[in-house]
Each structure stands twice: as C-alpha cells, then as structure tokens.
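# A structural model of the following input is requested.
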Amino acid sequence: MVKKAATPEPDPENGDGETDDGEDQENGALDDVALHPGPNADSAVDIERYITADVRALYDVFSYRHAAAILANEFPAELKEIEGALLAFRITTKDIGAPGGNESIVPKKYSSMLRPLKWYEARIQGDLIVRQTLHARSLRAGGKSKKSEVAGADQRMIENFIDGHKIDYVKGRVAFDLEWNSKDQTFDRDLYAFRTFHECGLISAGVMVTRSASLNPVFDQVPLLNKNGEPVLDESGAVTPAKRKYGASTTWMGKLLYRLNAGRHGGCPVLVFGITPRLIEDWNP
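Residues are numbered from 1 along each chain as shown. Below you'll find the model as predicted:
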C-alpha cells in the first residue's frame, strides 16, 4: 500500500471542490472515458434482482464485485436508507445552472437526508509496525541444514502510513459518496479511500453517486446562471449554456466507469448510481 500524504479535503456539503470552468467536450480530452461497464462488472440481472425498480427507473445503476448482492443481503437497512434518499432526491434547471462553490445545492440535498439517519463522515489514520528477524543456516553432518535465529531482531514503526483517507458518509460497514461536478481526479481519491477502508476491514461495500452521461444534452440547453440567478451572456449577448461548467474532465459516469473497469477500487465492492434527466423536476425536453 502506498502512503498517501495528508492534504486539505474539500467539503462536499458546501460544494467545495466543484468547478465552474470545466473543459467542454470539444476542448477537453475524452481520454479515460468508458460509456459502458466492463467485463468485470456484475450482470444486469443481478442489479434487477437486488435494486428496486423505482430506483432503476430514475438512475443508471452499475455494480462491481457483487456490491448490489452484498448490500441487499447483508446490509438491507443501509441499502433501504440509501434508496430512500435516491428516490426523494430531485433537482431543477436552476440547480444545474447555478454557480458552484458554496452555492452548490446538490450535495446538500443528499446530506439533508442522510445526516439525520446517522451517516457520518469518517477518516482513518494508521501506523505500520514492521518486524524483521534474521536467521542463520549452518550445514550439519549428512548435508542437513540447521536454522537458528540471530539476535538483534529489528522492529520499527512507520507513522501515518495510512493517512488522509476520508469518506463523506459511513454507516456501519457501508460507505456512500457523491461527486456532482468536481475535477475527475476526485474519483481516484474516492475509490482509493473505499479501497483502503475495505482493506483495513472497516467497510464491506461502497456506494457512489454521480452524473449520468444522459445529462450531457441537458447541459446544452440549460443556461448558466450568475450569483444573482440571471443567465450569463457571452460577448455577442447570447445565453451561455451550463455545459461550460460540466465538461468532459469533471466527475461524470464515463470517468467513473473507466476507473472501475480498470479495477482502481481494488477488492472493494462498489455500487454506482447515475443521476439522469428523469430527476429534473422542471425539465420538459
């Protein structure tokens, strides 16, 4: 395991870490994107068996390492609370066009539903104790060897070998995280945190929510808003689409599936939900 240096973490409940200057798909690279789950993902049949039809009607759903089955069978209460929050969640075109930073409302909507149910932020830190013993081998009569321990065994502690790993919502052995519009490298941090918590025996599965690829056409039509809630105009006086802040290099399903297909979550089971246009209250295409 590679030591991760502690760095200040953005606060997702306040919208920290979000970007308003995401590269658009013409200028931003579409490298490291997967539009479909890989062969290491669980089958659609498993998802239909364990995730309710109401949730599947509103979200894109993908499962890796039998996450859906584990949650449904071993942690049904936690899965029910997550599904309850997913079903209650709605956004508006104003939410989509609003500037990021502390004005972001999307993470706060999930927080308002999960925090009262005792889903807490969790961070782990740990030291690594390493012991080294030396053994000498001597040749005995008949060609047999004898092993004996050499005095002076070495033991040392590497402080903060595990440090800086944080998950926004943890309850029991289930982790939950949301990425609405951060830089796509945030997924690496999140999946590494899931993996580390899992390897340390603290969680059994992780759940991630992000934007579905099906939202991209919506961003072409919804106006970008300024801090006063007014449409942003370009130099010609035309309305600037919200697409400007939701670029190919921000957190959306294509960037997450690429990482999951590559196995960056390690052995941690991960269940993924993609927010679709069906969750926008005032969207009538």
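# going forward, measure contacts and count neighbours with C-alpha atoms only.
OK.
# Helix or strand next in line after the helix or strand harbouring Q132, which one?
Take DSSP states H and E as the rule and Q132 turns out to sit in strand 120-139. Sequence-wise, the next helix or strand downstream of strand 120-139 (DSSP H and E) is strand 145-171.
# by how many degrees do that next one and strand 120-139 diverge?
For strand 145-171 against strand 120-139, the angle by axes from the mean of the first three to the mean of the last three C-alpha atoms, to 10 degrees is 180 degrees.
# Report the distance from whichever helix or strand comes after strand 145-171 to the chain centre.
Once the chain leaves strand 145-171, the next helix or strand it forms, by DSSP H and E, is strand 174-178. Here the centre of strand 174-178 is set off from its chain's centre by 7 Å, with C-alpha atoms, centre = their mean, to the nearest Å.
# And the helix or strand hosting N73, what's buried?
Secondary structure from DSSP H and E places N73 in helix 67-74. Across helix 67-74, burial judged by 16 or more other C-alpha atoms under 10 Å covers A67, A68, A69, I70, L71, A72.
# what's the closest of those residues to K118?
L71 (17.6 Å; C-alpha to C-alpha).
# and that closest one, how far is that from Y50?
8 Å (C-alpha to C-alpha, to the nearest Å).
# so what strands line up beside the lowest-mean-pLDDT helix or strand in the chain?
None of the helices or strands of the chain scores lower by mean pLDDT, DSSP states H and E than strand 145-171, at a mean of 81. As defined by DSSP bridges, the strand partners of strand 145-171 come to strand 120-139 (antiparallel), strand 174-178 (antiparallel).
# Tell me the helix or strand right after the helix holding N73.
Heading C-terminal from helix 67-74 (DSSP H and E), you reach helix 76-88.
# what ranges of the chain fall below the confidence cut-off?
Within the chain, the segments meeting pLDDT under 70 span 1-30, 100-103, 160-161, 164, 285.
# can you give me the strands for it?
For the chain, applying DSSP state E gives strands covering 59-64, 120-139, 145-171, 174-178, 205-211, 270-275.
# Q125 touches E159, doesn't it?
No. In this structure Q125 lies outside contact range of E159 using C-alpha atoms under 8 Å: 9.2 Å.
# quick one: the helix holding N73 to strand 205-211, angle?
Going by the same axes, to 10 degrees, helix 67-74 makes 130 degrees with strand 205-211.
# which residues touch helix 67-74?
Defining contact as C-alpha atoms under 8 Å, 6 or more residues apart in numbering, one finds that helix 67-74 is touched by D46, I47, Y50, I51, E78, L79, A205, G206, P269, V270, L271.
# Please repeat the previous calculation with a cut-off of 6 Å.
The contact list for helix 67-74 (C-alpha atoms under 6 Å, 6 or more residues apart in numbering) reads Y50, P269, V270, L271.
# cool, and stretch 250-262?
Under C-alpha under 6 Å, 6+ apart, the answer for stretch 250-262 is D32, V33, A34, L35, G38, N181, S182, K183, D184, T210, R211, S212.
# what separates that stretch from the chain centre, distance-wise?
The answer for stretch 250-262 is 9 Å, by C-alpha atoms, centre = their mean.
# What are the buried residues along it?
Neighbour-count burial for stretch 250-262 [16+ other C-alpha under 10 Å]: T250, T251, W252, M253, G254, K255, L256, L257, Y258, R259, L260, N261.
# So R173 versus R90, what's the distance?
Distance from R173 to R90, by C-alpha to C-alpha: 27 Å.
# Hmm, I typed the wrong one, I wanted R189.
26 Å.
# go on, Y50?
Distance from Y50 to R90, by C-alpha to C-alpha: 23 Å.
# do R278 as well
R278 sits 9 Å away from R90, going by C-alpha to C-alpha.
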